[in-house]
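1. Make a model of this:
(chains A and B)
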There are 2 protein chains.
Amino acid sequence: MSKGENTRERIIEQTAPLFNKMGFFGASMSDIMEVTGLKKGGIYNHFGSKEELALEAFDHAAACVSSRIAALVAEKTGAVDRLEAFAEVFVQNLLDPPVAGGCPLLNTAVEADDAHPALRERAQQAMDRWQRRITDVIAEGTASGELKPDLDANVVATRLIATLEGGTMMSRLYGDPVHVRRAVEFVKDYVRRDLAA
Amino acid sequence: MSKGENTRERIIEQTAPLFNKMGFFGASMSDIMEVTGLKKGGIYNHFGSKEELALEAFDHAAACVSSRIAALVAEKTGAVDRLEAFAEVFVQNLLDPPVAGGCPLLNTAVEADDAHPALRERAQQAMDRWQRRITDVIAEGTASGELKPDLDANVVATRLIATLEGGTMMSRLYGDPVHVRRAVEFVKDYVRRDLAA
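-> Here you go, the predicted structure:
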């Protein structure tokens, strides 16, 4: 990487937690200058606008979360263990977040739905990937006979993601992991009782 | 109400949808002036700060949602029907929101967790009330024998709220009610299979 590319990458990494904690609108240019140690001109040398930086920071944050999920799910074999591992990542992400500020998908989906179409589109793309990750596991598990044959993989994906993200929201609201732990147990009960063949 | 109280109330009602859509940080003073038709001085006559207005607008929005839930739940008798009614309200709230911009609890919880302690506290209080609404129904249903005797009402409350709020987040992200409908079905399966005696 050139020096310029290095600086660009460093700005993205330093501002991803800021945007994730404060939101696109809550993170001001002076916050961005503070966390990067750069002047306004130094930021604008690399990004055309705060929006352009925010989109890249979101993609970076979403990639950090995805990498962790992918690594933990890949350690497991079999659909049931993989779906349970997907659920358990949410406890780990709460206690030791890959990017400070909680789940970037949840944060950005909620902030951007009415307020920022470009960010909303990035959050949709990241959510599409999460859903596909789950529907792929369902397809494999159905093919191998480990899971029931008549599952609607899209329904399963919504049930898992909705429950785990909602539990994350409650745990972060109260600063108490109990809610995400309860959400994980709900998902695991469902996987064992309704999905396993 | 005096004329001043009327104006104050009107400002709260007009800005509640703005804060709910754009967030505390996303709603600018010029947005507030636009939706109220008042000059900055006219706003500050009634509220000491944007924060003071935002807190009142949140309480107003949360009360609008709570009134609807209370009315629909009160139409039902019995714990199973009441819990199912609580779930179904989330579809109605998505399609015909009491306050534009989606669920004010979800929006405010996610925005405020790191970024705004006073708003976060209001969201906690509103979430406390929702949880209590559910735990009260569980207690009645357990006492009457309609529900199983050994339920942990707090676990039930988290499972319901997390799933329904997560489904709301996904539906609003995609502009597609399918996710919240799937979340409602998940909750209803759970109520009938695991809670009903």
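2. secondary structure class for the most centrally placed residue in chain A?
-> In chain A, the residue lying closest to the centroid (CA atoms, centre = their mean) is A:Leu105, at 4.4 Å. Counting by DSSP: H, G, I helix; E, B strand; the rest coil, the backbone at A:Leu105 sits in helix.
3. same for the longest helix anywhere in chain A, what does it pack against?
-> If you go by DSSP state H, chain A has its longest helix at helix A:117-144. Applying 3 or more CB pairs under 8 Å, 6 or more residues apart in numbering or on different chains; DSSP states H and E, one finds that helix A:117-144 contacts helix A:50-74, helix A:79-95, helix A:104-115, helix A:153-174, helix B:153-174. Yep, even glycine has a C-beta here, placed from its N, CA and C like the rest.
4. Check which helices and strands the second one sits against.
-> What it means is helix A:79-95. Packed against helix A:79-95 by the contact rule (3+ CB pairs under 8 Å, 6+ apart) you find helix A:50-74, helix A:117-144, helix A:153-174, helix A:178-190.
5. buried set for the second one?
-> Of the residues in helix A:117-144, A:119-120, A:122-124, A:126-127, A:130-131, A:133-135, A:137-138, A:141-142 count as buried by neighbour count, 16 or more other CB atoms under 10 Å in any protein chain shown.
6. Name the residue most distant from the centre of chain A?
-> Chain A, CA atoms, centre = their mean, max distance from centroid: A:Gly41 (30.7 Å).
7. List of residues touching the helix or strand containing that residue?
-> A:Gly41 belongs to helix A:40-44 when assigned by DSSP states H and E. Applying CB atoms under 8 Å, 6 or more residues apart in numbering or on different chains, the contact partners of helix A:40-44 are A:7, A:11, A:29, A:32-33, A:36, A:53.
8. one more time with 10 Å, if that's ok
-> Residues from elsewhere that reach helix A:40-44, judged by CB atoms under 10 Å, 6 or more residues apart in numbering or on different chains: A:7, A:11, A:15, A:29-30, A:32-33, A:36, A:38, A:49-50, A:52-53.
9. Please state the offset of that helix from the chain centre?
-> Distance, stretch centre to chain centre, for helix A:40-44: 28 Å (CA atoms, centre = their mean, to the nearest Å).
10. Then stretch A:64-73?
-> For stretch A:64-73, the distance to the chain centre is 10 Å (CA atoms, centre = their mean).
11. One more: stretch A:170-179?
-> Relative to its parent chain, stretch A:170-179 has a centroid offset of 17 Å by CA atoms, centre = their mean.
12. Can you show me the CA trace of that stretch as PDB?
-> Provided in PDB are the C-alpha atoms of stretch A:170-179 (Å, rounded to 0.1, in the frame of the first residue of the first chain):
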ATOM      1  CA  MET A 170     -32.100  -4.700  24.900                       C
ATOM      2  CA  SER A 171     -28.700  -5.800  26.400                       C
ATOM      3  CA  ARG A 172     -27.100  -2.600  25.100                       C
ATOM      4  CA  LEU A 173     -30.000  -0.500  26.300                       C
ATOM      5  CA  TYR A 174     -29.600  -1.800  29.900                       C
ATOM      6  CA  GLY A 175     -25.800  -2.600  29.800                       C
ATOM      7  CA  ASP A 176     -26.800  -6.100  30.800                       C
ATOM      8  CA  PRO A 177     -25.900  -9.300  28.800                       C
ATOM      9  CA  VAL A 178     -28.900 -11.200  30.200                       C
ATOM     10  CA  HIS A 179     -31.100 -10.200  27.300                       C
END
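13. Show me which positions of that stretch end up buried.
-> Here stretch A:170-179 shows A:170-174, A:177, A:179 as buried, counting by 16+ other CB under 10 Å.
14. excluding its backbone neighbours, what's nearest A:Cys67?
-> Rather than Cys, residue A:67 is Ser. A:Pro98 (7.6 Å; CB to CB, 6 or more residues apart in numbering or on different chains).
15. The one you found belongs to a strand?
-> No: using three-state DSSP, the assignment for A:Pro98 is coil, not a strand.
16. how deep is it tucked in, by neighbour count?
-> 21 (other CB atoms under 10 Å in any protein chain shown).
17. With B:Ala63 as the reference, measure out to it.
-> To B:Ala63, A:Pro98 is 37 Å away according to CB to CB, to the nearest Å.
18. A:Asn6 now?
-> According to CB to CB, A:Asn6 stands 51 Å off from B:Ala63.
19. cool, and A:Leu105?
-> 29 Å.
20. returning to that earlier point: report the two of the buried residues of stretch A:170-179 separated the most.
-> Based on CB to CB, the longest span within the buried residues of stretch A:170-179 runs between A:Leu173 and A:Pro177 and measures 11.9 Å.
21. Tell me how far stretch A:123-136 lies from the chain's centre.
-> In terms of CA atoms, centre = their mean, the centre of stretch A:123-136 is set 10 Å apart from its chain centre.
22. pLDDT (mean, whole number) over that stretch?
-> For stretch A:123-136, mean pLDDT is 96.
23. so A:Val184 touches A:Glu84, yeah?
-> Yes: counting by CB atoms under 10 Å, A:Val184 does reach A:Glu84; the two are 8.4 Å apart.
24. picking up where we left off before, which of A:Asn6 and B:Ala63 has more residues huddled nearby?
-> Neighbours per residue (other CB under 10 Å) separate A:Asn6 from B:Ala63, with B:Ala63 holding more: 17 against 10.
25. what are the phi and psi values for the residue nearest to A:Ser67?
-> Main-chain torsions, A:Pro98, degrees, to the nearest 10: phi -60, psi -30.
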